[in-house]
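[1] Pasted the sequence and its predicted model underneath.
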Amino acid sequence: FTHSDVLKKHIEFFFTNGSMYKVINGNLLFHGCIPMNEDGSFAVVETLEGPYSGKALMDYFERKARQAYFSQDVYATDIFYYLWCAPDSPLFGKDKMSTFEHCLIADPTTHAERYNAYYSLSKQEEYADLILKEFGIDPQTGHIVNGHVPVKVKKGEKPIRAHGKVFVIDGGISKAYHSKTGIAGYTLIFNSHHLALAEHHDFVRGGDNTPSIEVVEYMHHRLRVAETDNGAALRSQIRDLLELVEAYKSGVIKEHQLETDLSYTTLP
């Protein structure tokens, strides 16, 4: 990356803002899949540091991806390439990458790429619940939000699965997929009142490009800030400030005066 400042800037943005998955406001977000076996169990990946599956596997890949970039560890770099196209990679999620066959072999049977069992199992509520519990999320209120596989709307496919617990919102945002999907992707809208899906269409210059919006789930009551992750962070800050005030009141922390006309309170 050192030979391209622009590429380096983009990659640093990903590592600063991105992650293998994110839990936010009781919802689980990730790109591809949580690797699973056909029997519904989490796929185990054997590594030099032991076997990993489920959430532990995602956390392990997160650590290795960062080690590969920041410390250039050789084994971590191997794992980084594994994530690109390996069968049990949560970012890839297929048994093989058949780009070579697509380009050079006419026989379409060689082009098949079989998806990980997650993509079929996650359509069932019981397995969606299993995944949510694995990440410490209440399956009664939580949702899985992921992409990777374009939703072929014109063939009758739906972005909402597992009785409303799974949202596949990729939908083929890239223009190259529009002829296959019939739409231009989705945006999931989460506010204090409801969850809604915005279905986008091909952009038409000078036309009405307003997406079609459908409310898919109403909140049992209007969510307050206190019920969000931001609310939890604010409560933590309040606790810290109250402890600091108490420390000053009890004399555990003493005030200091500068040798100037200005005075301020600081930690010793």
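    The structure has been received and is ready for your questions. Every value quoted in this text rests on a predicted model; they were computed, and no experiment measured them.
[2] okay, which residue is most central for the protein?
    With distances taken as CA atoms, centre = their mean, residue 30 lies nearest the centre of the chain, 2.6 Å away.
[3] ok, residues contacting stretch 196-208?
    Contacts with stretch 196-208, where a contact means CB atoms under 8 Å, 6 or more residues apart in numbering, come from 153, 159-160, 167, 169, 171, 173, 175, 178, 183-189, 209, 211-216. C-beta: built from backbone N, CA, C; applies to glycine.
[4] quick one: the strands in the protein?
    Using DSSP state E, the strands of the chain run over residues 21-24, 27-30, 45-47, 50-52, 143-146, 160-161, 166-168, 186-190, 194-199, 212-218.
[5] Throw the ones you listed into JSON lines and include distance to residue 205, thanks.
    Shown next, in JSON lines, are the strands of the chain (distance: least, CB to CB, whole Å):
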{"stretch": "strand 21-24", "distance to residue 205": "35"}
{"stretch": "strand 27-30", "distance to residue 205": "33"}
{"stretch": "strand 45-47", "distance to residue 205": "47"}
{"stretch": "strand 50-52", "distance to residue 205": "49"}
{"stretch": "strand 143-146", "distance to residue 205": "31"}
{"stretch": "strand 160-161", "distance to residue 205": "31"}
{"stretch": "strand 166-168", "distance to residue 205": "29"}
{"stretch": "strand 186-190", "distance to residue 205": "21"}
{"stretch": "strand 194-199", "distance to residue 205": "20"}
{"stretch": "strand 212-218", "distance to residue 205": "19"}
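[6] Can you get me the start-to-end distance on stretch 42-58?
    12 Å (CA to CA, to the nearest Å).
[7] quick check: mean pLDDT across that stretch?
    Stretch 42-58 carries an average pLDDT of 97.
[8] One more: stretch 128-137?
    In this model, stretch 128-137 has a mean pLDDT of 98.
[9] quick revisit: what's opposite the residue nearest to the centre of the chain in the beta bridge?
    Beta bridges link residue 30 to residue 21 when assigned by DSSP bridges.
[10] separation between it and residue 216?
    From residue 30 across to residue 216, the span is 20 Å (CB to CB, to the nearest Å).
[11] Spatially, and excluding backbone neighbours, which residue is closest to residue 169.
    Nearest non-adjacent residue to residue 169, counting by CB to CB, 6 or more residues apart in numbering: residue 186, 4.2 Å away.
[12] Assess the claim that the one you found and residue 157 are in contact.
    No - counting by CB atoms under 8 Å, residue 186 stays clear of residue 157, with 11.9 Å between them.
[13] So for the two, which residues contact both of them?
    By CB under 8 Å, 6+ apart, residue 186 and residue 157 have these common neighbours: residue 151.
[14] Can you tell me how far the residue nearest to the centre of the chain is from residue 58?
    Using CB to CB, we find residue 30 at a distance of 7 Å from residue 58.
[15] Can you check which residues contact both of those two?
    In contact with both residue 30 and residue 58: 20-21, 90, using CB under 8 Å, 6+ apart.
[16] how about residue 57, what does it touch?
    By CB under 8 Å, 6+ apart, residue 57 lies in contact with 35, 42-43, 45, 90.
[17] Cool, thanks, signing off.
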